[in-house]
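Chemist: Next input, structure requested:
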Amino acid sequence: MNDLDPPSPLASFATLLTPAGRALLDEVRGTDPARELAVATRLRREHPAGLVSAALGQARLRQRAAAKFGAEDAERMFFTPNGVEQSTRTTVATHRAQRLRTLGVRSVADLCSGIGGDAIALARAGIRVLAVDRDPLTVAVARANADALGLADLIEVREADVTEVDVSAYEAVFVDPGRRGGRGRIFDPEAYSPPLSWAVATASKAPLAALKIAPGIPHEAIPAEAEAEWISDGGDVKEAVLWFGTEPGLVRATLLPGPREVRGRGLPDPAVRSVGRYLYEPDGAVIRAHLVAEVAQELGGGLVDETIAYITADEARTTPYASGYEITDQLPFGVKKLKALLREREVGVLTVKKRGSAVEPEELRRKALPKAQGPNSATVFLTRVAGAPTMLLGHPLTV
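Modeler: Below is the predicted model of the structure:
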C-alpha cells in the first residue's frame, strides 16, 4: 500500500478508538444528515479527512442503531453497516438471554457473534460468553462494544472460524449463521454460513443450544429433536429459534414485549365459517408458527377461508395474540362499490389490509378514497371468503 491508498476498514476503525477519534465522535454526535457535508468541510480543516469520514460514518450508524439497541447504548457502541442490519434487536436478545439464564446456563459459546448484540444481552444476564467471528473488523467492533459497555470481564471475543472452535467447555451454544449473500437474503438453510446442518450437528453435542434462523423456514426443515420458537416484537416477526435440550417437538410463538406465548397443542385446522361480526388478525409469530388454531379456539372462532389466516367470530374477546376488528360491511371486491361506501360513511382515512389478494393497498387507497374526504376512518380487508375475492369493512375493536 502506498501513501495515497485509503486506509483499510480495520485501520480506519482503529483511529476511532484513539483519544482523537473518541473526541471527534463526541463532537459529531447527532449530526443532522442534511448538514453532514458542511460539518465535514469544517472539521477537515483541523482533522485528517479519513478520521472525519470515519467519525461521521459511525455517527450515522449509531443513529440507525438506536431503533434496535436504544439511544443510550447506541451512542456508546460501535457499528458496521452489516452489523446494524443483521444484529438482533435488544428486546429479542434479552428475551433469549433471560431464558438461558432461567435454564441455569452460566456460560455460552456465541458462534457467528457479529458485533456482539447477543453477547451483550447474555453478559448482562450474568452469563460468561465466548463470542466468535471470523471477520477481523467485526471482531474488533465486538471487542470495542464489550469494553464500551463495561462487559469485557464477561465477554471474550475471538477471531476464528466457528467450525474449528472447541465449545465443550461451555454449558450452551448459540449459533447465528449468516443469512445474507452478495444477492441479498438467503432462503435455503443449507446455504447459510455455516450451513444449518452443521449448526444442528454442533447443537446436538451441547447440553443446551439455540440456533437463530429465518422466520420463513419451512416447518418440514425443523429437526424432530428441536423446539421451534417464533418471536415477534411490537407485532413484527423478528426471527425463529431452534432450541435443543429443552422440549423436543414443541412449537411456540412468543410475543414481545411481555413476553406472552402460545404453545402448540396439535389442534386440527379451524373450521371455515361465514363471516361474523368480528374479525381477528393473528400476530405474525402465531401465523409463522402455524398456531392459528390455538388462537381461534381461544376466540371461539373459525376461518373466513381455509387458506387465509383471518379468524372470524360472533363475540368480541380480547387477546394479546390477535388484533380485533368489528366488521360493518361485507361485499364482493370492486373499487366502485368501495368508493361509494366510503363516500356514504364520510371516510377520509382508510387503512388497507390484505391476505390472499394481489391488489396493492396504496393503489386501492388512491382509487377508492373520495376527493371530498370526510372526518371518519375505516379499515378494509382484501381477502377471500369461501374462495371468492371479498372486501370486509370495519374498525379496530375496543373492548
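Chemist: Give the residue spans of the stretch 51-200 of the chain that score low on pLDDT.
Modeler: 179-184, 186 (pLDDT under 70).
Chemist: Would you map the helices across it?
Modeler: Applying DSSP state H, counting those that start in this stretch to the stretch 51-200 of the chain gives helices spanning 71-74, 81-86, 90-102, 117-124, 136-148, 196-204.
Chemist: Mind listing what's buried along stretch 372-392?
Modeler: The neighbour-count check on stretch 372-392 (16 or more other CB atoms under 10 Å) flags 374, 378-385, 390-392 as buried. To be clear about C-beta, it is placed using only N, CA and C from the backbone, and glycine gets the same treatment.
Chemist: Over to stretch 281-300?
Modeler: 281-296, 299.
Chemist: what's the answer for stretch 20-38, then?
Modeler: Using 16+ other CB under 10 Å as the test for burial, stretch 20-38 gives 21, 24-25, 28, 31.
Chemist: Nearest to Gly150 among those?
Modeler: When the buried residues of stretch 20-38 are ranked by distance to Gly150 (CB to CB), Leu25 comes first, at 17.8 Å.
Chemist: For that closest one, which non-adjacent residue is spatially closest?
Modeler: Sequence neighbours aside, Ala55 is the residue nearest to Leu25 in space, at 5.3 Å (criterion: CB to CB, 6 or more residues apart in numbering).
Chemist: taking the buried residues of stretch 281-300 one by one, which sit in helices?
Modeler: 284-288, 292-296, 299 (DSSP state H).
Chemist: out of the residues you listed, what pair is the most spread apart?
Modeler: The most distant members of those, if one measures by CB to CB, are Arg288 and Leu299, lying 18.6 Å apart.
Chemist: what's near enough to touch Val335?
Modeler: 364, 367-368 (CB atoms under 8 Å, 6 or more residues apart in numbering).
Chemist: List just the nearest of these to Gly126.
Modeler: Looking across the contacts of Val335 and measuring by CB to CB, the closest to Gly126 is Leu364, at 51.3 Å.
Chemist: Just the element for the closest one, please.
Modeler: Secondary structure assignment for Leu364, by DSSP states H and E: helix 361-368.
Chemist: dump the residue contacts of the closest residue to Val167 other than its chain neighbours.
Modeler: Closest residue to Val167 apart from its sequence neighbours, by CB to CB, 6+ apart: Ala109 at 4.0 Å. For Ala109, the contacting residues are 129-130, 132, 165, 167, 170, 172-174, 206, by CB under 8 Å, 6+ apart.
Chemist: who wins for most neighbours among those?
Modeler: Phe174 (29 neighbours; other CB atoms under 10 Å).
Chemist: my read: that one touches Ala203, true?
Modeler: No: checked against CB atoms under 8 Å, the pair Phe174 and Ala203 is beyond contact range at 9.2 Å.
Chemist: hang on, the earlier thing: now render the contacts of Val335 as JSON lines, adding neighbour count and distance to Leu154.
Modeler: JSON lines is the format used below for those (neighbours: other CB atoms under 10 Å; distance: CB to CB, whole Å):
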{"residue": "Leu364", "neighbour count": "21", "distance to Leu154": "52"}
{"residue": "Lys367", "neighbour count": "12", "distance to Leu154": "57"}
{"residue": "Ala368", "neighbour count": "22", "distance to Leu154": "56"}
